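Enquirer: model this:
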Amino acid sequence: MKALCRAADPTIFFHPDGERGAARKRRQEQAKRVCSECPVATQCREHALAFQEAFGTWGGLSEDDRSALLQIRAVTIRTHRAGT
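Expert: Here you go, the predicted structure:
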């Protein structure tokens, strides 16, 4: 209920088909600005990572940002398991 995206245009959080390059970057930056001021951004981000949300900007993380973080987490888990 406290999420700032509830009052924002939802199209800034999810890319339209075929969006690429500068247009995509501008839209993602706009979404990230909303998230940067949101009081529940941390919870939103953790939800998106835990449920591996495939689309959109969540808690200030784009699809590519989340993918990179999830890969780092997977490598860390594998490395930790191999060392035990």
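
Enquirer: Quick check: beta-bridge partners of the residue nearest the centre of the chain?
Expert: Centrality entry for the chain: nearest residue to the mean C-alpha point is Leu61, 2.7 Å, by CA atoms, centre = their mean. With DSSP bridges applied, Leu61 shows beta-bridge pairing to Trp58.

Enquirer: just the helices in the protein please.
Expert: In the chain, the helices defined using DSSP state H lie at 21-36, 41-50, 63-82.

Enquirer: And the pLDDT at the closest residue to Ala54 other than its chain neighbours?
Expert: Of all residues not flanking Ala54 in the chain, Glu63 sits nearest, at 7.0 Å (CB to CB, 6 or more residues apart in numbering). C-beta coordinates here come from the backbone N, C-alpha and C atoms, glycine included. Taken from the predicted model, the pLDDT recorded for Glu63 is 95.

Enquirer: Burial check on Glu63, number of neighbours?
Expert: Neighbouring residues of Glu63 were enumerated by other CB atoms under 10 Å; the total is 18.

Enquirer: Tell me how many other residues crowd Pro16.
Expert: The local packing of Pro16 (other CB under 10 Å) involves 9 other residues.

Enquirer: ok, it to Ala23 distance?
Expert: 9 Å (CB to CB, to the nearest Å).

Enquirer: Pull the contacting residues for Phe13.
Expert: Taking CB atoms under 8 Å, 6 or more residues apart in numbering as the contact definition, Phe13 lies against 5, 31, 56-58.

Enquirer: The same query, at a cut-off of 10 Å, please.
Expert: The contact partners of Phe13, by CB atoms under 10 Å, 6 or more residues apart in numbering, come to 5, 27-28, 30-32, 34-35, 55-58, 62.
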